[in-house]
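Asks: pasting the sequence and the predicted coordinates here, then a few questions.
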Amino acid sequence: MDKAHTSSHRTTDEYFKALYQRDVVLQVDKLTQSFDQGGSKKVILQDVSLQIHEREFVCVIGPSGCGKSTLGRIIAGLDAYPSGEVIVDKEVVKGPSASRGMVFQGYTLFPWKTVKQNVMFGPIMEGRSKSNAERSAREWLDIVGLSKYENHYPHQLSGGMKQRVAIARALINEPKVLIMDEPFGALDPYTRQKMQKHLLDLWRNIDITIVFITHDMDEAVLLSDRIVVLKANPGEVQDIIEVPLARPRAPDIVTDSRFLQLKARINNIVHNPQPQPDFDPALAEMPDIPRMVPLDKKDQQVNH
Ligand SMILES: Nc1ncnc2c1ncn2[C@@H]1O[C@H](COP(=O)(O)OP(=O)(O)OP(=O)(O)O)[C@@H](O)[C@H]1O
């Protein structure tokens, strides 16, 4: 693949070199998670290890059920994990914290609160005064372009607007890492594209690391610095792929030949996972078994 040039005329090699020199803000070490399913324990994530750097944009993709949301919930501190370690901003994750924000696919705004009250929720919970929280909420609503809607209720908003409120509600707490689980999955394609651009604009202009879970290959390649591909049963890191496409990326990059090549490569990795490490290599090439005993005449007429 050609070395693309970034907007600041750096090659992508230089871009990634600089990226890897930044501090690691999220470290996942040998993370394992299992759940009781049908009376027995099923391993969902096994030995997942990752290092994500400050201000990196990482997408997590993989087949349905491979544990993407499970991983996101653990990083967010919403679920406990039996083994391994997750460290965000040098602190072991033991529960939810303001250093980690989360935006889900389902609209999770409080329906009885106005847009402004929803965004104020985090600061109020942190003990900030109402006027201070209100001032921050207004700033964030301005950033996501929803100032005019501060007194609306969630049911009066479109899906894209609700997700902008959810993003403002997460970012007002100034998290180090924002975890987004299929945030645009329920939006129509036009709104989704607008939201992708909006998110990239936000990400470029604030000091945030994003872990973005998606099923959508186009979305993953469009947004990511790197893509973590998980395989299923159990969920393990299959590959971590750099996206060497210059930024900013215009929406029509999805028709660029380098974009399509990369997407095809990732598609291939997702749909043709490599044998697992504990897979018996002798099973990979099963020999044709020669007949050991001669067939009698009657059986020779049957097609074996
Ligand atoms: N709390 C739970 N208790 C039992 N099983 C669970 C729990 N949470 C998740 N699972 C199971 O873990 C597996 C992985 O689920 P998860 O939602 O993380 O996958 P995913 O990759 O995000 O899937 P999708 O792409 O379909 O959203 C599934 O088999 C799911 O049923």
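Replies: Ah, there it is. Numbers count the residues shown, from 1 in each chain.

Asks: what does the stretch 151-300 of the chain put close to the ligand?
Replies: For the stretch 151-300 of the chain, the contact set with the ligand under C-beta under 6 Å from any ligand atom comprises residue 215. For every residue, glycine as well, the C-beta is placed using N, CA and C.

Asks: quick one, strands of the stretch 151-300 of the chain?
Replies: Using DSSP state E, counting those that start in this stretch, the strands of the stretch 151-300 of the chain run over residues 177-181, 209-213, 226-231, 236-242.

Asks: in JSON lines, list those along with mean neighbour count.
Replies: What follows is the strands of the stretch 151-300 of the chain, written out as JSON lines (neighbours: other C-beta atoms under 10 Å):
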{"stretch": "strand 177-181", "mean neighbour count": "25"}
{"stretch": "strand 209-213", "mean neighbour count": "25"}
{"stretch": "strand 226-231", "mean neighbour count": "22"}
{"stretch": "strand 236-242", "mean neighbour count": "18"}
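
Asks: closest one to residue 91 among these?
Replies: Comparison of the strands of the stretch 151-300 of the chain against residue 91 by C-beta to C-beta identifies strand 177-181 as nearest, at 11.3 Å.

Asks: what's in contact with the closest one?
Replies: The set of residues that contact strand 177-181 without belonging to it, under C-beta atoms under 8 Å, 6 or more residues apart in numbering, is 25-26, 52, 68-69, 72-73, 75-76, 88-89, 99-105, 167, 170-171, 199, 208-213.

Asks: closest residue of the stretch 201-304 of the chain to the ligand?
Replies: residue 215 (5.8 Å; C-beta to the nearest ligand atom).

Asks: quick one, what contacts that residue?
Replies: Contacts were defined as C-beta under 8 Å, 6+ apart; by that measure residue 215 touches 61, 64, 182, 185.

Asks: name the nearest residue to the third one, ignoring sequence neighbours.
Replies: When you say that, I think you mean residue 182. Of all residues not flanking residue 182 in the chain, residue 105 sits nearest, at 3.9 Å (C-beta to C-beta, 6 or more residues apart in numbering).

Asks: that neighbour against residue 187, yeah?
Replies: No - under the contact definition of C-beta atoms under 8 Å, residue 105 does not touch residue 187, with a separation of 9.4 Å.

Asks: returning to what we had before: just the closest of the contacts of residue 215 to the ligand, please.
Replies: Distance ranking of the contacts of residue 215 against the ligand, using C-beta to the nearest ligand atom, places residue 64 first at 3.5 Å.

Asks: report how many residues lie close to the closest one.
Replies: Residue 64 sits with 7 neighbouring residues when counted by other C-beta atoms under 10 Å.

Asks: three-state assignment of it?
Replies: When states are read from DSSP: H, G, I helix; E, B strand; the rest coil, the local structure at residue 64 comes out as coil.

Asks: next up, phi/psi of it, please.
Replies: When quoted as degrees, to the nearest 10, the phi and psi of residue 64 stand at phi -60, psi 130.

Asks: residues contacting it?
Replies: Per C-beta under 8 Å, 6+ apart, neighbours of residue 64: 215, 232.

Asks: now residue 135: how far from residue 165?
Replies: 17 Å (C-beta to C-beta, to the nearest Å).

Asks: please name the nearest non-neighbouring residue to residue 92.
Replies: Nearest to residue 92 is residue 85, by C-beta to C-beta, 6+ apart, at 6.2 Å.

Asks: quick one: that neighbour is in a strand?
Replies: Yes - assigned with three-state DSSP, residue 85 falls within a strand.

Asks: as a markdown table, the contacts of residue 215 with pLDDT and distance to residue 13 would be great.
Replies: Listed next are the contacts of residue 215 as a markdown table, based on pLDDT from 0 to 100; distance: C-beta to C-beta, whole Å:
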| residue | pLDDT | distance to residue 13 |
| --- | --- | --- |
| 61 | 96 | 24 |
| 64 | 90 | 34 |
| 182 | 94 | 32 |
| 185 | 90 | 33 |
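
Asks: redo the strands of the stretch 151-300 of the chain as JSON lines? Include mean pLDDT.
Replies: Output for the strands of the stretch 151-300 of the chain, formatted as JSON lines (pLDDT from 0 to 100):
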{"stretch": "strand 177-181", "mean pLDDT": "97"}
{"stretch": "strand 209-213", "mean pLDDT": "98"}
{"stretch": "strand 226-231", "mean pLDDT": "96"}
{"stretch": "strand 236-242", "mean pLDDT": "95"}
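
Asks: mind putting those in a markdown table, distance to residue 123 included?
Replies: What follows is these, written out as a markdown table (distance: least, C-beta to C-beta, whole Å):
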| stretch | distance to residue 123 |
| --- | --- |
| strand 177-181 | 17 |
| strand 209-213 | 21 |
| strand 226-231 | 32 |
| strand 236-242 | 35 |
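
Asks: tell me which of those strands lies nearest to residue 294.
Replies: Among the strands of the stretch 151-300 of the chain, the nearest to residue 294 by C-beta to C-beta is strand 226-231 (45.1 Å).
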